[in-house]
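[1] using only what follows, build the 3D model:
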Amino acid sequence: MQKNTKFSIKKRVKSFKYAFNGFWLLIHNEHNSRIHLFFAVLAVTGGFYFNISTTEWLVLLLTFSTVFVAEFFNSSIEALADKITEEKHPHIKKAKDTAAGGVLFAAIISVIVGIIIFGPRLLEII
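    From the prediction side, this is the model:
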């Protein structure tokens with residue numbers, strides 16, 4: 001447990017530096033995160049192009065942020081598990097597989113949300 005220390009702007013700025021570094025590490029090291037980022041940028045671009053509603057923006061932002069949060073946790077769990085042991089172990093496998101399953105679930109839901117929001121608009125163009 002951390003002792004009660006005075007608030008420090010310098011420490012807060014440093015904590016943001018660590019957080020941005022974590023984002024960079026995820027994008028730089030995890031191939032799937034680059035795929036997620038591509039589709040997030042595509043969704044945002046589509047949102048501007050189709051002038052989606054405020055509610056649709058909120059759903060879209062929450063959806064792809066959920067995918068990224070799941071990817072952050074998955075990568076963290078994998079890194080910690082690999083540090084503990086690189087040998088095959090059923091508990092490590094379960095932790096890694098369920099974390100990866102969480103990312104997959106979030107990604108599938110994000111695709112469904114994208115279809116619901118953009119599908120009718122894309123069909124109008126076709």
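[2] element containing residue 6?
    Assigned by DSSP states H and E, residue 6 belongs to neither a helix nor a strand.
[3] er, residue 81 I mean
    Assessed by DSSP H and E, residue 81 sits inside helix 54-84.
[4] show me how far the helix or strand just after that helix is from its chain's centre.
    Downstream of helix 54-84, the next assigned helix or strand under DSSP H and E is helix 90-125. Distance of helix 90-125 from its chain centroid, counting by C-alpha atoms, centre = their mean, to the nearest Å, is 11 Å.
[5] averaged over its residues, what pLDDT does helix 90-125 have?
    In this model, helix 90-125 has a mean pLDDT of 96.
[6] list the buried ones in that helix?
    Under the neighbour-count criterion of 16 or more other C-beta atoms under 10 Å, helix 90-125 has 92, 95, 99-100, 102-103, 106-107, 110, 113-114, 117-118 buried. Every C-beta, even on glycine, is put in place using the N, C-alpha and C of the backbone.
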